[in-house]
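> I would like to see how this sequence folds:
(2 chains)
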Amino acid sequence: MEGFMSVIVGIFFAVAIYLMLSQYIIRILLGVAILGNAVNLLLFVAGRVTREVPPIIGKGADALPASAANPLPQALILTAIVISFSFFAFLLVLAYRAYQTLKTDDTHQMRLAEPEDAAEPPLGY
Amino acid sequence: MAANSIPLEALEKSMVLAPVPAAHWLVIAPPVWCLLLGAILIMVRKRPGLQAWLAIPALAALVLIDAALLFAVTREGPVTMVMGRWLPPFGIAFTVDLTGALFNLTGGIAALAGGIAALGDIDRTKRAYGFYPFLLLMVGGVSGAFLTGDIFNLYVWFEVLLISSFGLIILGSERAQLDGATKYAILNLIGTTLFLIAVGILYAVFGTLNMADIAAKAPKLGEIPPLMTLGLIFIAAFSMKAAAFPVNFWLPASYHTPRIVVAGLFAGLLTKVGVYALLRVMVMIFPQEGNAYSLLIGVVAILTMLTGALGALAQSDLRRMLGYIVITGIGIILSGVALGGQTAIAGALFYAMHSMIVMLALYLMAGVAGRMGGSFSLHDLSGLYARSPLLAAITLALFFSVSGLPPFSGFWPKAMLVKATFDFGAWWQGGVILVSGLLTTIAVMRAFALGWWRMPVSGTVEPARIEASEAVPLVGLTLLSLGIGLYPEPLLALAQTAAAGLLEPTAYLHSVFPGLSPLGGPLP
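Numbering: from 1, shown residues only, chains lettered A, B, ... in the order given. Here you go, the predicted structure:
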């Protein structure tokens, strides 16, 4: 199961990187969303993927059964999902606002902060 | 009651039962104080006048808390406090050593100066959009990152400061600002996501997230492939946060767009958080991997220094020039990290603290210059010396300081770093530090010659007044830089001790796991 999931994670990363290399903000944002999910899956797989073994220490034992999944990564994912979701929402609004103001979502044309024809510094008085 | 059925001995093994000493509450105090005040300020967001009255005393109190924490750490060594009384590695630990306390105090001073400067720079209508709440929340995130002893917690603090910085960078919503903010936000988010990937793999390898626990377990694993990969991901992630060479492009694209106070705070605080995390992870937690990658970090440092210095020379906008100078500073700090060894790390720490103070002051100075001269462009800026000799004096002092000339604070850490490179035999690295210093000197002195000495290109010169809200933080920070430059001994000694603590974290580990013999002893 872990092997299969690892391949899925790899595919997620590949898709995310491909999209983030695009010059259009909206594609980059889709890439960022998939990247966030790829990382969440990565954390999930890191904590073992097993079925139907509740992470409960039985009577008389003082440790989890070895086949149980580690519950901590799931807590980490929960944190990461909340964070990446809120960031994604912010980025979407920011991108939309930038699109409204700058009339483009093409990063090649978003040169307002760094004009291409910026004058060279004066060489003398 | 379930709690009553657990025997006391078992509880003692997993929880802190003794009451927490009052001094230890200081460890958690800076982030809690900032988050609390941030929440209160959000509640009074409709009353911008009241916000400033609350925020500035709060930031002053934060500086006092940070100073008390530093004092406690110099006396007792590293202090640990665990959340919810759960013993580490199960409870999230806040562990503060000298490095964290020093960064924290410097960051607090910078935040106070920024808060005062914002009184003039950010008018009441803009303040209603929440400058002070975001500032407090960001400072809370920064101090949390400096103080935490848990690597996932470090990631969470990164995100706290990042989301607050998003709020700050779009304050004003000008066209160029939206452009800069988009690039800043996306690239920084990718950087922190990279960090999260590293944390995930780290947990898979070690099964723990506590920094002290990992630092104790790492030497036993040796240089096995997952750790080398892990080290590389950490370096990539933190370099992106710190704006080191191949991943530095977001910084000059965005730092000149927001309000000048915001830009100064970002330049002072945020890149240094990346540097701090790099020091913590590659020097303290994974020293073997850090050594293995020292050549890589060294090359990155050199390229960062040169990109920054050459970029600064090529800019005609004062603020963009400062953005590149921030990058040069990061390169200088990284060269210390690359060398390793006590003098080099101490030099890097010292330089990072100097850079926090001086970069903020430089941006504030540029703000005043831009207001007086009516432009940030070196083509139009002129005659500032005649307008305000006080500003010219402050500017010259800050330019000397950032170029590493005595008697200001930039001189000593650079001298330490250059000496360390030559002692180490890495003369090429020391050479580049000196060359980048020379190029920075040329860039800033050209700005001084054009903007301050040159006769006004148009119109007549009328004396301009520096407002109190501009003068207080500027003069304060400049005097601080001068004071450190004239009497560096206490800070030098502290930086040396802090560096020794990073390189040999026995005291740090002992503070987290008091009952166990540190390094080599059995850990839970």
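> pull the contacting residues for residue 62.
All of this is about chain A. Applying CB atoms under 8 Å, 6 or more residues apart in numbering or on different chains to A:D62 gives no contacts. All C-beta atoms are positioned from the backbone trio N, CA, C, and that covers glycine.
> oops, wrong one, chain B.
B:30, B:33-34, B:108, B:111-112, B:139, B:143.
> now the residue in chain A positioned nearest to chain B. Nearest residue, chain neighbours left out?
The minimum distance from chain A to chain B, using CB to the nearest CB, falls at A:A46 (3.7 Å). With sequence-adjacent residues excluded and distances taken as CB to CB, 6 or more residues apart in numbering or on different chains, A:A46 is closest to B:A204, at 3.7 Å.
> these two touch, right, that neighbour and A:N70?
No. B:A204 is beyond contact range of A:N70, at 9.4 Å (criterion: CB atoms under 8 Å).
> I'd like the average pLDDT over stretch A:63-76.
The pLDDT scores in stretch A:63-76 average 79.
> how about stretch A:114-125?
80.
> which residues touch it?
By CB under 8 Å, 6+ apart, stretch A:114-125 touches B:252-253, B:313-317, B:377-379, B:446, B:449-450, B:454.
> contacts with chain A among the residues you listed, please.
Under the cut-off given by CB under 8 Å from any CB of the partner chain, chain A has B:252-253, B:313-317, B:377-379, B:446, B:449-450, B:454 from these close to it.
> coming back round to it: report how many residues lie close to the residue of chain A closest to chain B.
The number of residues packed near A:A46 is 24, by other CB atoms under 10 Å in any protein chain shown.
> mind checking how far A:S67 is from A:P55?
10 Å (CB to CB, to the nearest Å).
> secondary structure element for the residue in chain B positioned nearest to chain A?
Here chain B gets closest to chain A at one residue, B:A204, 3.7 Å apart by CB to the nearest CB. Assigning secondary structure by DSSP states H and E places B:A204 in helix B:175-206.
> before we move on, what about B:L37?
helix B:25-43.
> who touches that helix?
Against helix B:25-43 from outside (CB under 8 Å, 6+ apart): B:51, B:54-55, B:58, B:61-62, B:65-66, B:68-69, B:72, B:79-81, B:94-96, B:104, B:108, B:130, B:132-134, B:136-137, B:139-141, B:143-144, B:147, B:157.
> can you check stretch B:409-428 too?
B:298, B:302, B:332, B:335-336, B:339, B:341, B:343-344, B:346-348, B:350-351, B:354, B:357-358, B:400-405, B:429-430, B:433-434, B:437, B:480-482, B:484-485, B:488, B:492, B:495.
> B:A181 against B:G167, yeah?
No. Using CB under 8 Å, B:A181 is not in contact with B:G167, being 10.1 Å away.
> and those two? Which one has more around it.
Neighbour count, other CB under 10 Å: between B:A181 and B:G167, B:A181 has more, with 27 against 18.
> spit out the contact partners of that one.
Taking CB under 8 Å, 6+ apart, we find B:A181 in contact with A:94, A:98, B:166, B:169-170, B:254, B:257-258.
> now for these: which two are most distant?
Spanning the widest gap among the contacts of B:A181 are A:A98 and B:P258, at 14.4 Å by CB to CB.
> quick check: phi and psi on the residue nearest in space to the middle of chain A?
By CA atoms, centre = their mean, chain A has its centre lying nearest to A:G36, at 1.9 Å. Main-chain dihedrals, A:G36, degrees, to the nearest 10: phi -60, psi -40.
> my guess is it meets B:T193, correct?
Yes. Using CB under 8 Å, A:G36 is in contact with B:T193, at 6.5 Å.
> joint contacts of the two?
A:S84.
> okay, residue 23: pLDDT?
Answering for chain A, as no chain was given. 91.
> oops, wrong one, chain B.
76.
> one more: the one 10 residues further on?
The predicted local distance difference test score for B:W33 is 95.
> just the strands from the stretch 201-350 of chain B, written as ranges.
Secondary structure of the stretch 201-350 of chain B by DSSP state E, counting those that start in this stretch: no strands are present.
> all helices of it, in order?
Listed in chain order, the helices of the stretch 201-350 of chain B (DSSP state H, counting those that start in this stretch) span residues B:211-221, B:225-242, B:250-254, B:260-265, B:271-278, B:287-292, B:294-313, B:318-339, B:342-373.
> what number of residues lie near the residue lying closest to A:V49 once chain neighbours are set aside?
Counting by CB to CB, 6+ apart, A:V49 lies nearest to A:M1, which is 4.8 Å off, once chain neighbours are set aside. Using other CB under 10 Å, A:M1 is surrounded by 10 other residues.
> likewise A:P115?
Neighbour number of A:P115 under other CB under 10 Å is 10.
> looking at chain A, which helix is longest?
If you go by DSSP state H, chain A has its longest helix at helix A:71-102.
> and that one, what does it pack against?
Other helices and strands packing on helix A:71-102, by 3 or more CB pairs under 8 Å, 6 or more residues apart in numbering or on different chains; DSSP states H and E, are helix A:25-46, helix B:151-169, helix B:175-206.
> I'd like those as JSON lines, with distance to B:P89 appended.
Formatted as JSON lines, these follow (distance: least, CB to CB, whole Å):
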{"stretch": "helix A:25-46", "distance to B:P89": "16"}
{"stretch": "helix B:151-169", "distance to B:P89": "11"}
{"stretch": "helix B:175-206", "distance to B:P89": "10"}
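> for A:M110, which of those is the nearest?
helix B:175-206 (5.0 Å).
> which positions in the closest one come out as buried?
With burial defined by 16 or more other CB atoms under 10 Å in any protein chain shown, the residues of helix B:175-206 counted as buried are B:176-206.
> again with stretch A:42-54
So, applying 16+ other CB under 10 Å, buried residues of stretch A:42-54: A:42-48.
> same question, stretch B:292-304
Neighbour-count burial for stretch B:292-304 [16+ other CB under 10 Å]: B:293-294, B:297-298, B:300-304.
> next: stretch B:487-498.
Under the neighbour-count rule (16+ other CB under 10 Å), stretch B:487-498 has B:488, B:491-492, B:494-498 buried.
> got these as a markdown table, with pLDDT and secondary structure columns?
Listed next are the buried residues of stretch B:487-498 as a markdown table, based on pLDDT from 0 to 100; DSSP: H, G, I helix; E, B strand; the rest coil:
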| residue | pLDDT | secondary structure |
| --- | --- | --- |
| B:P488 | 93 | coil |
| B:L491 | 94 | helix |
| B:L492 | 94 | helix |
| B:L494 | 95 | helix |
| B:A495 | 95 | helix |
| B:Q496 | 94 | helix |
| B:T497 | 94 | helix |
| B:A498 | 94 | helix |
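> that older thread, list the contacts of the nearest residue to the residue nearest to the centre of chain A once chain neighbours are set aside.
Nearest in space to A:G36, with sequence neighbours left out and distances taken as CB to CB, 6+ apart, is A:S84 at 3.6 Å. Applying CB under 8 Å, 6+ apart, we find A:S84 in contact with A:33, A:36, A:39-40, B:193.
> what angle separates the longest helix of chain A from helix B:175-206?
For helix A:71-102 against helix B:175-206, the angle by axes from the mean of the first three to the mean of the last three CA atoms, to 10 degrees is 170 degrees.
> how far away is B:G485 from B:W412?
Taking CB to CB, one finds B:G485 at 7 Å from B:W412.
> when the two are compared, which one has more neighbours?
With neighbours defined as other CB under 10 Å, B:G485 and B:W412 compare such that B:W412 has more, 23 against 20.
> what residues does the stretch 51-200 of chain B have near chain A?
So the stretch 51-200 of chain B meets chain A at B:152, B:156, B:159, B:162-163, B:166, B:170, B:173, B:175-183, B:185-186, B:189-190, B:193, B:196-197, B:199-200 (CB under 8 Å from any CB).
> what's the overlap in contacts for B:A204 and A:N70?
Listed contacts common to B:A204 and A:N70 are A:G47; contacts here mean CB under 8 Å, 6+ apart.
> show me the shaky parts of chain A.
Across chain A, nothing is flagged by pLDDT under 70.
> one more time with 80, if that's ok
Filtered on pLDDT under 80, chain A yields the residue ranges A:1, A:46-58, A:60-71, A:117-119, A:124-125.
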